[in-house]
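> Provide a 3D model corresponding to the input given below.
(4 chains)
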There are 2 protein chains.
Amino acid sequence: MDLDAVRTFVAAADAGQFQEAAAALSITQQAASKRVAALEKDLSVRLFTRTARGVRLTVDGQAFLPHARELLRVADRADASVRPGRRALRVDVLSRRVVPAVLLQDFYRTYPEIELDVVTLDADVTGAIAAVEAGSVDATFHAIALPARRVPATIRTTWVIDEPHELLVGPRHPLANARFVTPARLVGHRIWMPGMAAGTEWADYYVELAAAFGLTIDVIGPSFGNEVLMAELAESAELATLVGERSRYLWPDSYDLRRIPVHDPMPIYPMSLIRRADNRHPALGKLHDYLVARRADLSGVDVWLPQWRDR
Amino acid sequence: MDLDAVRTFVAAADAGQFQEAAAALSITQQAASKRVAALEKDLSVRLFTRTARGVRLTVDGQAFLPHARELLRVADRADASVRPGRRALRVDVLSRRVVPAVLLQDFYRTYPEIELDVVTLDADVTGAIAAVEAGSVDATFHAIALPARRVPATIRTTWVIDEPHELLVGPRHPLANARFVTPARLVGHRIWMPGMAAGTEWADYYVELAAAFGLTIDVIGPSFGNEVLMAELAESAELATLVGERSRYLWPDSYDLRRIPVHDPMPIYPMSLIRRADNRHPALGKLHDYLVARRADLSGVDVWLPQWRDR
DNA sequence: GGCGAGCCACAACTGATGGTTGTGGGTCTA
DNA sequence: TAGACCCACAACCATCAGTTGTGGCTCGCC
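The predicted model follows:
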């Protein structure tokens, strides 16, 4: 199926004749006729009945028309998704399972008319900022809310996310039925964070958290995927892991895992929206305002934040 | 943008290399490379970074990928919409504003996974039945519920809709604030049904209704479109029209029109789902059952039904 | 009734294009 | 260092999508 043929079909259906459709597409009437004939042959169905006054849709043509329009619309959007200047808002997230991705989905549900492309650069903070500076993405999320890190002058950051952490455990774990836990109560328990490459901001966070409260957080061992992690957790009476409150680690509800809130203090993972100061993409402003408005009010709550002193 | 190129792009993104993608599409590696290169040139953007081990998506490629998949999906659906044997359920309605279309939309909302094409044949009952017999549509809706009309043996009909009629008037009409009216109270009022070509089943219905209660229903004059009708109604202190309870005649809420129910008796427009007895399209059964289940229970209600004796 | 207007389809031609084979260059591995 | 593996470029060729030219059909109007 050829998109040009589909375009010609739609134009002809709108115009009611090939002549005018051809003119609109800057081709000859014969070319338009040929295109539609080729499309009809391809679909092995007749789309128009030809009359002396023009063309009229057949039943098949009528059924095909809305699909054809949809096809052209999608093609246009696909084109727009990469066309510099008019492209959709493009936001980088570390993973599609953690908070930023969840918030982006909520944002999209609130403003379905805003074109949004979510990508994962697989880069560290520096790489992501470079991508933002280069303009290949409009925004990214990283934990640079605290003063420890310098960013180029062209980059603007806004602290928009405070993600509380929860303990994720299986039913046989001693804390499985706790209503909440304090960091102090986690001392001695094994907390497992596989697949956390040392040096990433997440690893840094957990290392600092462990140091602050004397916890044992294993970042060793490669991750064999989240499926495996979930299965192991569900089985084990000792293992636990930490996840963001709004992260999506439980889609296959097949595992009987429990999320236990952590209080007093509540470990917060801070994240900023990072964008170029001169990026005037209208949707970017909306996203910024949306995130700011949704930011939780933690005043009065006893929270713990990392310092990232050594970065 | 060429769909074959898009297909190649998706295959290559999935495979991580051109070689394998090309094999899957039964073309040479060089052809695949060329296709993607052409697509990149067309979009004037780089979709892959080429390495010695294969290809990896660029940011643009990553953003483009979901759109590309969607594009192929839509193309497939478009194709299926006319491909005999595997095509979507195709239902004929007289107009997209009257009950059957509304019910089809509800049906689609209930079963979004069912592919559905709504067409308007612009034919009379006989023509519509012929189309159903020929298999060019799977079903149609017409007012042949009553015994007056014979249908071919291959055709099966089920009375599935009882549509009450309401009076539609502007704010200056004397009945504008009535909670309901009886047909008797409509005597002497001018009821306007423009665009009702004599001989259609709708015209027959209104003629019989007028005769039964001594109403004056003007079917004269061509319709200049519903916009004009709505505007005239909104202005006039005399004109009124009748519409089906669930019909969509008010989308531009700009007109201050009121719907007044008609009782004692309630004029009902009966409609049947008409299909071929041997049509085994699974969605057709679902539609049938859905409509039967939604049919209103009018037992105990004083209704008026046409006889269509002269057909 | 005949004639012109308007539209679509077929035919012949041609330049562009998408496919093929052949080959070279690059990187990773043994 | 050789071989495996993958991508890109070049040359070639068949097909195809566009063009112009023409004929047939159906209206509507003198």
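> and the next helix or strand past the helix or strand of chain A with the lowest mean pLDDT?
Least confident helix or strand of chain A, by mean pLDDT, DSSP states H and E, is helix A:226-235 with a mean of 74. Going down the chain from helix A:226-235, the next helix or strand is strand A:240-244, by DSSP states H and E.
> run through who's touching that following strand.
Strand A:240-244 is contacted by residues A:98-99, A:163-169, A:173, A:175, A:186, A:189-193, A:206, A:217, A:229, A:233, A:249, A:259, A:262, A:267, A:269 when judged by C-beta atoms under 8 Å, 6 or more residues apart in numbering or on different chains. To be clear about C-beta, it is placed using only N, CA and C from the backbone, and glycine gets the same treatment.
> give me the buried entries from the residues you listed.
A:98-99, A:163-169, A:173, A:186, A:189, A:191-193, A:206, A:217, A:229, A:233, A:249, A:262, A:267, A:269 (16 or more other C-beta atoms under 10 Å in any protein chain shown).
> please save the CA atoms from stretch A:89-96 in PDB.
Coordinates of each C-alpha in stretch A:89-96 appear next as PDB, following Å, rounded to 0.1, in the frame of the first residue of the first chain:
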ATOM      1  CA  LEU A  89       7.900  17.400  22.900                       C
ATOM      2  CA  ARG A  90      10.600  14.800  23.500                       C
ATOM      3  CA  VAL A  91      11.500  13.900  27.000                       C
ATOM      4  CA  ASP A  92      14.200  11.500  28.200                       C
ATOM      5  CA  VAL A  93      13.600   9.200  31.100                       C
ATOM      6  CA  LEU A  94      16.000   6.800  32.800                       C
ATOM      7  CA  SER A  95      13.500   4.000  32.600                       C
ATOM      8  CA  ARG A  96       9.900   3.600  31.700                       C
END
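> ok, it near chain B or not?
Yes - applying C-beta under 8 Å from any C-beta of the partner chain, one finds stretch A:89-96 in contact with chain B at A:90, A:92.
> got the residues of chain A near DNA strand C?
A:12, A:17-20, A:29-30, A:33, A:36-37, A:48, A:50-55 (C-beta under 7 Å from any atom of the strand).
> quick check on those: which are buried?
Judged by 16+ other C-beta under 10 Å, buried ones among the residues of chain A next to DNA strand C: A:12, A:17-20, A:33, A:36, A:48, A:55.
> in helices, which of those residues fall?
Judged by DSSP state H, the subset of those located in helices is A:12, A:18-20, A:33, A:36.
> will you turn those into TSV that also has pLDDT and distance to chain B?
Putting these into TSV (pLDDT from 0 to 100; distance: C-beta to the nearest C-beta, whole Å) gives the following:
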residue	pLDDT	distance to chain B
A:12	92	16
A:18	90	20
A:19	90	23
A:20	89	22
A:33	92	19
A:36	92	13
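> before we move on, the earlier item: what comes up buried for the least confident helix or strand of chain A?
Neighbour-count burial for helix A:226-235, counted by 16+ other C-beta under 10 Å, picks out A:226, A:229-234.
> thought residue A:65 was touching residue A:13?
Yes - using C-beta atoms under 8 Å, residue A:65 is in contact with residue A:13, at 5.5 Å.
> can you list residues touching both of the two?
residue A:57.
> so residue A:33 makes contact with residue A:17?
No - the criterion here is C-beta under 8 Å, and residue A:33 misses it with residue A:17 at 10.5 Å.
> what does the stretch 1-150 of chain A put close to chain B?
Near chain B, when you scan the stretch 1-150 of chain A using C-beta under 8 Å from any C-beta, you find A:1-3, A:6, A:43-45, A:47, A:58-60, A:62-64, A:66-68, A:70-71, A:74-75, A:77-79, A:81-84, A:87-88, A:90, A:92, A:117, A:119-121, A:131, A:136-137.
> which among those end up buried?
Counted by 16+ other C-beta under 10 Å, the residues of the stretch 1-150 of chain A next to chain B give A:1, A:3, A:6, A:43, A:45, A:47, A:58-60, A:62-64, A:67-68, A:71, A:74-75, A:78-79, A:81-82, A:87-88, A:90, A:92, A:117, A:119, A:121, A:131, A:136-137 as buried.
> the helix or strand residue A:270 falls within pairs with which strands, and in what direction?
Residue A:270 belongs to strand A:266-276 when assigned by DSSP H and E. With DSSP bridges as the test, strand A:266-276 is paired with strand A:139-142 (antiparallel), strand A:155-169 (antiparallel), strand A:303-304 (parallel).
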